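*Asks:* I need the structure of the sequence given here:
(2 chains)
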Amino acid sequence: MVTFLQQVLNGLTLGCIYALVALGYTLVYGILELINFAHGDLVMIGALVSLSLVRTLQGWGAPLPVALAGGLAGAMGACVLLGMALERLAYRPLRHAPKLAPLITAIGMSMVLEQSSALLWGRGYRSFPDLGLTHSLALGGVLISPLQGVIVLGSLGLLGGLLWLIQRSALGRAMRATAQNPMAAQLLGIDTERMITLAFVIGAALAAVAGLMVGAYYQVAHYTMGFMLGLKAFTAAVLGGIGNLSGAVLGGILLGLLEALGAGYLGDWTGNLFGSNYKDVFSFATLILVLLFHPSGLLGRHAPEKV
Amino acid sequence: MIVPLTRFRPLWMFLGILLLPWVIEGLLGRGWVRILDFALLSVLLAVGLNIVVGYAGLLDLGFIAFFGVGAYAYALLASPQFGLHWPLWAILPTGVLVAASFGVALGWPTLGLRGDYLAIVTMGFGEIIRVFLNNLTAPVNITNGPQGITMIDALHLGTWSFARPHRVLGIPLPALVGTYYLFLLFVLLALFLSRRLEYSRIGRAWMAIREDEIAAASMGLDTRRLKLLAYALGAVFGGVAGGLFAGFQGFVSPESFTLQESVMILCMVVLGGMGNLRGVVAGALLLAFLPEVLRPLGGWQQHWFHRVLIDPSTLRLLLFGVTLVVLMRWRPEGLFPSRARAREWHTS
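*Replies:* Below is the predicted model:
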């Protein structure tokens, strides 16, 4: 039972991070019907930028909260700028091109981001500075580190704020209108280009937060880390129903739980033949199964392809 | 009567291609013949991916996985790993079958959906196949993990080994040149098949799907089956290239089959011109020689700055990314486009 609860907690932590990244995919997909392959790499940039900033600030003797806030602000700034640049330079000129074009551009952009990071931060693994938040408390046998608490509460707060923004505010209404029918939205006076940029900006900002969290959680960052993370977050978005915000959150948390429990138990059940070394396969198998049996996801509606 | 030389252009070209390895060996040394052999494998891969991306318009981002599947099929059937030593003519059809079934199994769930799903599923598959190659060591050691499989039998037909030099009609034939002719044979076969497919009923159906899937479906085309066929055929080309690669190199390890390699092949197809065989071959050759052209860069940097500022392999991958973005923005039809494809890109 304790092991189970422990894995649930670990899965929840991981799932919150997936949810943050999945929102970035789903926001952009909801409006543009475009899979932004480079989104996972924004998380990587967020992790590496915050790593460098936190380390530098700590080196100057800044206290932990200041260093963290500085790292987060820097990472958000970098990711938001990159996200906007990505949209403006790579995707906007191809808005009316055949579908293959933005997909190929996206994969090219992901390559550019990865290799530029390899140039800036080197090809090796960079260890994340110790935040002193990993000293675990035992709660009835379950170990909770303050970092896990910060990750779960922080991301739930962010997710709540975002849902409020999209569902309740005027800005969110404009965004939803753009997603539903860009032409009609434009006729009603909504600046749809701005809404599209906004989707990229919000996604990028969440990616930066996720980057900092994932870097601090695993205490390591690497220029290719965005790839697997992006793939999993995309799976989460599809699982929840791509284009649906609450779906992305639900999918993220479910996928995190699935992965943690799978990694924790499958090895025991199969006599260590098929254990945690296959954990990256779980999310992929989930993706295939969802696509096969219920492609619209848990909360998504079936959207017929537009002519 | 004077016959203009151009009348024999195909003949001259053919002679040129036959003599190419000898010229390259004479001018640049034997190492370059090896590079040329690998370049032919790249051409084979690019021609395969062209069926998927170029003809049918489906983005496959894990194409290298089929190359890997073919390579491991050859490695397992012709090495001390299982003590099997099948001949080439038995391995190739097996490899073809395995690669095609992987293609079908993966394409199946996604082909009813939008094209982007295929892209991300293939991308995931490319990575997952590596997880399996790295871990399939228990309960039976199949892939030998990250170390890979070594001592793979050299490519051979009967008693003729392509790893040894021979004498043909008194002329010494180095091993690498013999391999060149073998690979050339496969490339020509692939080009022939591809060309025949392009102008067949199936090829025209693929192009209809590429241009407008909904319109194609309303004309009564079974788009799902046709897309699956393109996908499986592409996988077959990739699998054959993988088998040849394993036999040529003598060892395989999971590290040869990364996303970067998939992107490289995609880049070859896009650069040359999707859907146009001549362009795809040119793109493949161009990019296959790129690392060799960039190689001295490290030495120059060492010389001028006393340290390597930009690692040539990072630079190469960076160039691939930039190439894809720039081409899609300004010249989506590629450097050597086919006329039909160019029209498509510029009317929508």
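*Asks:* could you list the low-pLDDT ranges of the chain?
*Replies:* You didn't say which chain, so I picked chain A. Within chain A, the stretches with pLDDT under 70 are A:270-276, A:301-307.
*Asks:* nope, chain B
*Replies:* Residues of chain B that meet the cut-off, pLDDT under 70, sit at B:1-8, B:340, B:347-348.
*Asks:* any chance you could map the helices in it?
*Replies:* With helices called from DSSP state H, chain B shows them at B:9-28, B:30-49, B:63-77, B:88-110, B:115-135, B:175-198, B:201-211, B:213-218, B:223-249, B:259-272, B:277-294, B:296-305, B:312-330, B:339-347.
*Asks:* adding distance to chain A and mean neighbour count, write those helices out as CSV.
*Replies:* For every residue, glycine as well, the C-beta is placed using N, CA and C. Formatted as CSV, the helices of chain B follow (distance: least, CB to the nearest CB, whole Å; neighbours: other CB atoms under 10 Å in any protein chain shown):
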stretch, distance to chain A, mean neighbour count
helix B:9-28, 29, 13
helix B:30-49, 12, 22
helix B:63-77, 12, 29
helix B:88-110, 4, 19
helix B:115-135, 5, 23
helix B:175-198, 18, 18
helix B:201-211, 8, 19
helix B:213-218, 5, 15
helix B:223-249, 11, 25
helix B:259-272, 6, 25
helix B:277-294, 13, 20
helix B:296-305, 13, 12
helix B:312-330, 3, 19
helix B:339-347, 7, 15
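*Asks:* how about a markdown table for these, with distance to residue A:260 added?
*Replies:* Conversion of the helices of chain B to a markdown table gives the following (distance: least, CB to CB, whole Å):
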| stretch | distance to residue A:260 |
| --- | --- |
| helix B:9-28 | 55 |
| helix B:30-49 | 37 |
| helix B:63-77 | 27 |
| helix B:88-110 | 25 |
| helix B:115-135 | 18 |
| helix B:175-198 | 46 |
| helix B:201-211 | 41 |
| helix B:213-218 | 39 |
| helix B:223-249 | 34 |
| helix B:259-272 | 25 |
| helix B:277-294 | 41 |
| helix B:296-305 | 43 |
| helix B:312-330 | 33 |
| helix B:339-347 | 46 |
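*Asks:* contacting residues for the residue most central in space within chain A?
*Replies:* Centroid-nearest residue in chain A, with CA atoms, centre = their mean: residue A:21, separated by 1.1 Å. Each residue near residue A:21 by CB atoms under 8 Å, 6 or more residues apart in numbering or on different chains is listed here: A:39-40, A:43, A:206-207, A:210, A:229-230, A:232-233, A:236, A:252.
*Asks:* helix/strand/coil for it?
*Replies:* Following DSSP: H, G, I helix; E, B strand; the rest coil, we place residue A:21 in the helix state.
*Asks:* once you drop chain neighbours, what's closest to it?
*Replies:* Excluding its sequence neighbours, the residue lying closest to residue A:21 (CB to CB, 6 or more residues apart in numbering or on different chains) is residue A:233, at 3.5 Å.
*Asks:* wasn't that neighbour part of a strand?
*Replies:* No - under the criterion used here (three-state DSSP), residue A:233 is helix, not part of a strand.
*Asks:* show me what contacts it?
*Replies:* So residue A:233 contacts A:18, A:21-22, A:24-25, A:39-40, A:43, A:252 (CB under 8 Å, 6+ apart).
*Asks:* let's go with 7 Å and repeat that
*Replies:* Counting by CB atoms under 7 Å, 6 or more residues apart in numbering or on different chains, residue A:233 makes contact with A:18, A:21-22, A:25, A:40, A:252.
*Asks:* likewise residue A:283?
*Replies:* By CB under 7 Å, 6+ apart, the neighbours of residue A:283 are A:232, A:235, A:255, A:259.
*Asks:* that's a helix at it, yeah?
*Replies:* Yes - applying three-state DSSP, one finds residue A:283 inside a helix.
*Asks:* roughly how far does it sit from residue A:258?
*Replies:* Residue A:283 is 8 Å from residue A:258, where distance means CB to CB, to the nearest Å.
*Asks:* now swap in residue A:179 and tell me
*Replies:* 28 Å.
*Asks:* likewise for residue B:68?
*Replies:* Residue B:68 is 27 Å from residue A:258, by CB to CB.
*Asks:* then residue A:127?
*Replies:* 28 Å.
*Asks:* so which of these two has more stuff around it?
*Replies:* residue A:258 (21 against 13; other CB atoms under 10 Å in any protein chain shown).
*Asks:* would you confirm that that one contacts residue A:282?
*Replies:* Yes - with contact defined as CB atoms under 7 Å, residue A:258 counts as touching residue A:282 (6.1 Å).
*Asks:* might one say that residue A:221 is in contact with residue A:127?
*Replies:* No - Residue A:221 lies out of contact with residue A:127 (CB under 7 Å); the separation is 8.1 Å.
*Asks:* burial measure for residue 54, as a count.
*Replies:* Looking at chain A here, since you left the chain open. By other CB under 10 Å, neighbour count at residue A:54 equals 27.
*Asks:* that's the other chain; I wanted chain B
*Replies:* Residues near residue B:54, counting by other CB under 10 Å: 32.
*Asks:* then residue A:100?
*Replies:* 23.
*Asks:* quick one: it from chain B, how far?
*Replies:* 6 Å (CB to the nearest CB, to the nearest Å).
*Asks:* put the alpha carbons of stretch B:105-121 into PDB.
*Replies:* Written as PDB, here are the backbone C-alpha positions of stretch B:105-121 (Å, rounded to 0.1, in the frame of the first residue of the first chain):
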ATOM      1  CA  ALA B 105       1.100  -2.400 -38.000                       C
ATOM      2  CA  LEU B 106       2.100   1.200 -37.400                       C
ATOM      3  CA  GLY B 107       0.300   2.800 -40.200                       C
ATOM      4  CA  TRP B 108      -3.000   1.100 -39.500                       C
ATOM      5  CA  PRO B 109      -4.100   3.100 -36.400                       C
ATOM      6  CA  THR B 110      -3.200   6.500 -37.800                       C
ATOM      7  CA  LEU B 111      -4.100   6.400 -41.500                       C
ATOM      8  CA  GLY B 112      -7.800   7.100 -40.900                       C
ATOM      9  CA  LEU B 113      -6.800  10.300 -39.100                       C
ATOM     10  CA  ARG B 114      -5.200  13.500 -40.100                       C
ATOM     11  CA  GLY B 115      -1.700  13.300 -41.500                       C
ATOM     12  CA  ASP B 116      -0.100  14.900 -38.400                       C
ATOM     13  CA  TYR B 117      -0.900  11.800 -36.400                       C
ATOM     14  CA  LEU B 118       1.100   9.600 -38.700                       C
ATOM     15  CA  ALA B 119       4.100  12.000 -38.300                       C
ATOM     16  CA  ILE B 120       4.100  11.900 -34.500                       C
ATOM     17  CA  VAL B 121       3.400   8.100 -34.300                       C
END
